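[1] build the 3D model from these lines:
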Amino acid sequence: MSRLARRRALVTGATGGLGRAVALAFSREGARLAVLGQDQERLASLRAELGEQVSTFQVDVGGWDEVERAVGAAARALGGLDTVVNAAAVDTSWRPVGELPVDEWDRAIAVNLSGTFYVCRAALPHLEEGGAIVNFTSVAGVRAWAEDAAYNASKAGVELLTRTIAVEYGPRGVRANCIAPGVIDAGMTDLVVDAGEREALVAKHPLGRLGLAEEVAEAVVWLASDGSSFTTGATLTVDGGFLA
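    Sure thing, here's the model as predicted:
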């Protein structure tokens, strides 16, 4: 039996590499989907691949009003929500803290941290017993990457936000966990590493390679499924041993 059969799932960041992989994996596992993303063309492509039953919403999660409207519309389209995955994220230009443009800091915090809060805030009234939230943090939320302060800080914040939700909503039967990818061959990685850096990063992984988006998505499926029914307030690291 499909692990997410009959679950009504909302996935943000669905036009990025990891969010798209999660949406595809959820669809294969039987979930009914509403997906949020900023790129209209990619949303249309995802809907064409998954079918007309998928609801798509072009949303910038860095704004509360947009998120509140979109999450409400998604819940109405699906007849409620059982699962929420927050995969939307942005990075900044890599510079030391003393040189990082303030607007880049503000944007990273707005999307990565506030955006995760906004989606959870809007979705929690729709989640009942058995509901699950999976928020994307990162190994960068555990081990600081030089010249990436805003991303590091935002992802560390997501982890503590998620633990707080787990404590507050566990008594209601709602679980909240984090997925912490390492260096994954998807989306943002290509923007921040060149060939030489890539080789050096591979060498830092005991498994001798970078991760795949599909491997991260598989872990998200588990956190969203009944297979992880006694897991909440946890962070599942998918990093090929990078933090080991």
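[2] CA atoms for contacts and neighbours, from now on please.
    Fine.
[3] which ones are touching the closest residue to Asp60 other than its chain neighbours?
    Residue nearest to Asp60 in three dimensions, not counting chain neighbours: Gln38, with 5.9 Å by Cα to Cα, 6 or more residues apart in numbering. Counting by Cα atoms under 8 Å, 6 or more residues apart in numbering, Gln38 touches 13, 15, 58-60.
[4] let's have the residues you listed in TSV, adding pLDDT and secondary structure.
    Compiled in TSV, the contacts of Gln38 are given as follows (pLDDT from 0 to 100; DSSP: H, G, I helix; E, B strand; the rest coil):
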residue	pLDDT	secondary structure
Gly13	97	coil
Thr15	95	coil
Gln58	97	strand
Val59	97	coil
Asp60	97	coil
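[5] from those residues, which is closest to Glu49?
    Using Cα to Cα, Thr15 is the member of those that lies nearest Glu49, at 12.8 Å.
[6] got the contact list for Val35?
    Taking Cα under 8 Å, 6+ apart, we find Val35 in contact with 10-14, 23, 54-57.
[7] and stretch 4-12, what's buried?
    4, 7-12 (16 or more other Cα atoms under 10 Å).
[8] follow-up on the earlier one: tabulate the contacts of Gln38 (JSON lines), appending neighbour count and distance to Arg69.
    Putting the contacts of Gln38 into JSON lines (neighbours: other Cα atoms under 10 Å; distance: Cα to Cα, whole Å) gives the following:
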{"residue": "Gly13", "neighbour count": "25", "distance to Arg69": "16"}
{"residue": "Thr15", "neighbour count": "26", "distance to Arg69": "19"}
{"residue": "Gln58", "neighbour count": "19", "distance to Arg69": "11"}
{"residue": "Val59", "neighbour count": "20", "distance to Arg69": "9"}
{"residue": "Asp60", "neighbour count": "21", "distance to Arg69": "11"}
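[9] what two of the residues you listed have the greatest distance between them?
    Thr15 and Asp60 (11.6 Å).
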